[in-house]
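In: Let's see this in three dimensions:
(3 chains)
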Amino acid sequence: MSHKRNRNVGIIGIGQTQYSSHREDVNQPEMINEAVRFALEDAGLTYDDIDCVVHGNMELFEMVHQPDLWHTIGTGAYGKDAYRVTTGGTTGATLVCAADNLVASGMYDIVLAVGFEKLQEGHTTGGITNMADPLWSRNLQTGALTGATAGAMIREFGEERARRAAMKLRIDMDKHAMLNPNSHRSFGLDYDQLDDLMENSPKLVGELRLIHMCSQSDGACAMIFASEEKAKELSDKPVWIRDHITIHREETFNLFGKEDAEREETTHRFAARKLFERNGIDNPVDYFDVFEMYDPSSWWGLDWLREFMLLEGDEHLKMVENDELKIGGRLPLNPSGGVVAANPIGATAMVRVAEAALQIRGDAGGHQIPSEVKHALASGFGGTLWTVLTMLEKDLDW
Amino acid sequence: MAEYFGTTVDDIFSTQTERFRPEGAEGVDAVIAYDISGAGGGRWMVAIGGGKSETKKLDSLPAEFTAKMITDAETFVGMTVGRIDGMEAFQAGRVRAEGDMAMLLRLPQMFTKYVPPKKPITARDIIETAVDRFQPQYAQELDVTVGYDFTGKGGGQWTAVIKDGKCTLEEGLRDNLTVSNIVSAEDYVDLMLGKLDPMVAFGSGRLKLVGDMELAMKLPKIFAKFVPSEEAEAVEELIVLKKIISVDMEYSTGPVMGQFFEGLMEKKILANVCPKCGRKQLPPREVCAPCRCRADEFVEVGPGGEITMIDDTYYASPDPLTGETRETPYGSLHVLLDGCKDNETFWHMLKKNDLFDAQPGDRVRPVWADERTGSVNDILYFEKVR
Amino acid sequence: MGKRVAVCAVEQTGFFTNLWQKRFQEMAFDIVEPIIRKTGVTFDMATGIRNIITCSDDVFDARTISDNAMTDAVGAHYRGEEKVTMDGINAIGYGLACVLSGHDDIILIVGHCKESQSESRDMVTNLAFDPFYYRPLGLDFKNVAALQARAYMNKSGVTDEHLAKVVVNSRKNAALNPAANARELLTEEQVLKSPMTCDPIRLLHEYPVSDGAVAMLLVCEERASEFTDKPVWISGFANCMDSYFLGDKDLVGNFSLKKAAERAYRKAGVKNPAEEFDLVEVNDCFAYQTPMWLEGLGLCGEGKGSALIDGGGLKTCNVNKSGGMLAGNPLMIGGLARAAEAVIQLRGEAGDRQVEGAKKALAHGTTGAAGQFHSVLVLDSE
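Out: Residues are numbered from 1 along each chain as shown, chains lettered A, B, ... in the order given. Presented below is the predicted three-dimensional model:
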């Protein structure tokens, strides 16, 4: 069973810049151009081969209106069809959806998508806070920071177990980040620091501590997508996009009621359930060989694992506790180190797809999963609990 | 005194008071404590108040402080001179803060940036870079010792040992040197900075070369030109354009939010109700998102209610409406106002004094502003009913 | 193109200089509601709308992730929503891709912009330039347009008098369009005497500050009849980007417009653009752009803009029956509003300004300084 599509689309080129807290050595189009050149080199193509360029980031973070116009000098969109799509934190994932749709439609054979952010050029938490309604909640919100998930998990699983699992996951992710030369933050954390970090990492909001939270990074990611015919012609190992789904929800009012209030299904679980249903996936933990999740904090990463993998009870905690999420484990989570290791927001969700594709290709280098990766899942997160899921396949056999 | 990045913790604090900017510290009354570990560390306090600042080195930290920074000497110096990223050091746990974080973030406005004193370059500074400046491609198959005998003020003796394409530097002069440079420390510095011509120095006898003259002539190739570190940094300094962008905005409130704000002016909290599912919306919005229909009817709820969630925030973020850094910690809360059920919660601020006292389930009531203008600030915050 | 995609419904708020009484959420819901009512479309995950394409801009809305504010109003709660952050006509292009890809049967497009909310739209468009060079020089879309206007007038022989005729024609058409913003009739003399705001651009050569929203429902060919008996078919869409630096491009060359038009015509099978369209909607933010874009679109000969105006061609070719951008649409959805008028005309629902028997229409959109980016859409009623 499969979702219908007009024609198949393969990923044939991937380019990422180094992710870093600051890139004063390049301006925005120059930084974008780094990723674009890497992607073209990776695909063995030139600018002339590209039919269409899709550009995305959040314009208010750098305060540039319609930045694709200026950035043309970095994207190489001159003379080409071009689109600009943005959906907050999910932007990078939406860029992949858009490129997939544009190629699958038959309108373009080869599409270049570029996501980037230079967060150092603006105030990120202030920028995220500005997404709140100016009339009402803008002076209540603190960026994307909330202690609500930590609070809920502590209530459900007990303080010791929940806090320990979240910090264990944080250290797992740092171990992965240490293997990825592109990551912005790789601290070299070790498991013997777990108790110390649990007590002494500064608190941000409630039990959400600084070490749990993602960084703000500068960086860009570019990917090249081609029709099945072109992908087979141009690439030795194209990675196929099987399906994608986007689920948004209303602003974060009407939330956080009493414990006994009936809770609606999370957007993450809803998206995963719909996606897996229409693709006939009964057991996602066993089906997928890697999951690149948009984990803005270790608390969210931990909580959302249960939602995306349609788990129940404490199954997700057990996966962390039993080392099942590490490279070489049952379902490696974020071999790249994930979002807690690097977060150039407009690129972040695309990096998840790019890293999942590199795993399928076997080109992830130091953080390559040792066993064969045939089926990969990538998630994007943004807005008010918005989610985008992308399924990738090694073979065209679904 | 342990030196990091060319300066010391003591140097930094000794200039603290003269770097004070009263215009950046208006209305501030604070004591900042520093607990700096490691070689060259110590304990300091910086008091700010009444347009003045005072810095003291202490044996033990004051019991009362507004904010405290705990770090090690190397990290402290590195952050001060801009060689270590403060945020990353903070995230990695190499810097910890206690008390009012916002006050620490305001320090750059209250004190001008510390600039390490410019020290004259010494012969030692230069000779110690010899190993870094060594270029093995010009020293293939050499097995030699080069002596440096610097006389006079700032003098000293070193031997560079070149063997197997490698160079090591030792203090003192070895016996049987292949070649020896004898020169005053002052002249050596001038020679290396290009202020004194080598041929002039040699011809006038101010520079004496003893031993293998052929090797002596090769030395300028074997060791690359000395570049003072300030110049090296100056080349790397990047120009960054700083700009505050603002465009004034006029937000419409519309009939739905408008009615809600009118209610607040009369100390009434109005929710609107979805005609299909009956859900109450706070603040009211035009559309019930799950039912995709208009919600036109209004009902008064509260003003009291029950806390369902509290977020205690320690991160000092700027208030986007004013640009001012918010004082931490502060709390926001979700309240189930009387007349509401399930997830029909209302989001607002919690009274500062109640932050560590209030719990989900506690009763709260709004504290109203004396002058209400029809805005979110007409309610100052919610306080616990005792 | 093999399969086809239909526009099955279109709604617009009407355009106003200051829609102060509404938040933009309500502007959007005002037009989403009638689309649901008139077509009977649902948001069912299997058979209804499951993806919505919005068009808005963070800087105009002064909100990071401006579409976050729109989820409720466009029905995207627990559905997909993707924001196209450029002229909304490109949301139609992207919507076309979503349906042709097979991913979606139905796409709802909702674009909005409130130019009145910001102190000055020129301050917003100044932010479209790089912060190092053009921004400090004070460039915005208006003063760069003035450079282009001067260059174009020199090349084509279009004069101040011609531009007055363009504005008068726009107002004549707008007077018959209840949705237009600037509907008062003007004389050529009034236009010629209006103050020079950015030589050679006069106050009445500029589109008025405008607020408004436009929504459309796109449906795959197989299911179009479920929602309307008057589908309008998208037969060609393309766009094209020109260089950023003004010195890198020929300001009067219409490079990207010609490319976009050529690609859209090829897809739509248009061989002789000057003859084939029953009506044309061009996105003329400034009066000189009406003849200049018509040249670029191949609707009159190169350098023949002045002759077209002199010969009454704006009228005979049914150019901008809506009044055009000159009659007032907000920047982010100027091209989307052009497409809305074309759909309304092809549905035969344009009332007093109806072009009788209209079967084929062209809608054009542009973004950026001096037409850096152009989009061309060809629509057919059959």
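
In: Could you check how far the nearest residue to C:I65 once chain neighbours are set aside is from chain B?
Out: With Cβ to Cβ, 6 or more residues apart in numbering or on different chains as the criterion, C:I65 has its nearest non-adjacent residue at 3.8 Å, and that residue is A:G88. C-betas here are computed from N, CA, C, even on glycine. Distance of A:G88 to chain B, computed by Cβ to the nearest Cβ, to the nearest Å: 16 Å.

In: Residues of the stretch 151-300 of chain B that sit close to chain A?
Out: B:238, B:240, B:245, B:249, B:251, B:253, B:257, B:261, B:279, B:281-283, B:285, B:289-290 (Cβ under 8 Å from any Cβ of the partner chain).

In: can you do 6 Å?
Out: Proximity of the stretch 151-300 of chain B to chain A (Cβ under 6 Å from any Cβ of the partner chain) is limited to residues B:238, B:240, B:245, B:251, B:257, B:283, B:289.

In: can you pick the most crowded of the residues you listed?
Out: Per-residue neighbour counts (other Cβ atoms under 10 Å in any protein chain shown) across those peak at B:A289, which has 25 neighbours.

In: would CSV of the residues of the stretch 151-300 of chain B next to chain A with secondary structure and pLDDT be doable?
Out: Listed next are those as CSV, based on DSSP: H, G, I helix; E, B strand; the rest coil; pLDDT from 0 to 100:
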residue, secondary structure, pLDDT
B:L238, coil, 78
B:V240, coil, 81
B:I245, coil, 78
B:Y251, coil, 88
B:M257, helix, 93
B:P283, coil, 92
B:A289, coil, 94
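
In: Closest one to chain C out of the residues you listed, please.
Out: B:A289 (3.8 Å; Cβ to the nearest Cβ).

In: picking that back up, and the residue nearest to C:I65, how far is that from A:L112?
Out: Separation of A:G88 from A:L112 (Cβ to Cβ, to the nearest Å): 22 Å.

In: Looking at those two now, which is surrounded by more residues?
Out: Between A:G88 and A:L112, A:L112 has the larger neighbour count (other Cβ under 10 Å), namely 30 against 27.

In: so what's the most centrally placed residue in chain C up against?
Out: Against the mean C-alpha coordinate of chain C, by Cα atoms, centre = their mean, the closest residue is C:G335 at 1.2 Å. Taking Cβ atoms under 6 Å, 6 or more residues apart in numbering or on different chains as the contact definition, C:G335 lies against C:87, C:89, C:283, C:365, C:375.

In: The same query, at a cut-off of 7 Å, please.
Out: C:87-89, C:283, C:363-366, C:375 (Cβ atoms under 7 Å, 6 or more residues apart in numbering or on different chains).

In: now swap in B:I379 and tell me
Out: B:264, B:348, B:366, B:368.

In: Any idea how far the helix or strand where the residue nearest to the centre of chain C lies is from the middle of the chain?
Out: Applying DSSP states H and E as the criterion places C:G335 in helix C:334-346. Put simply, helix C:334-346 sits 7 Å off its chain's centre (Cα atoms, centre = their mean, to the nearest Å).

In: which residues of the chain fall in strands?
Out: Going with chain A. A:9-16, A:52-56, A:81-86, A:110-118, A:203-205, A:208-209, A:218-227, A:239-247, A:290-292, A:375-382, A:386-393 (DSSP state E).

In: right idea, wrong chain: chain C
Out: C:5-12, C:51-55, C:80-84, C:106-114, C:196-198, C:201-202, C:211-220, C:232-241, C:279-281, C:360-367, C:373-380.
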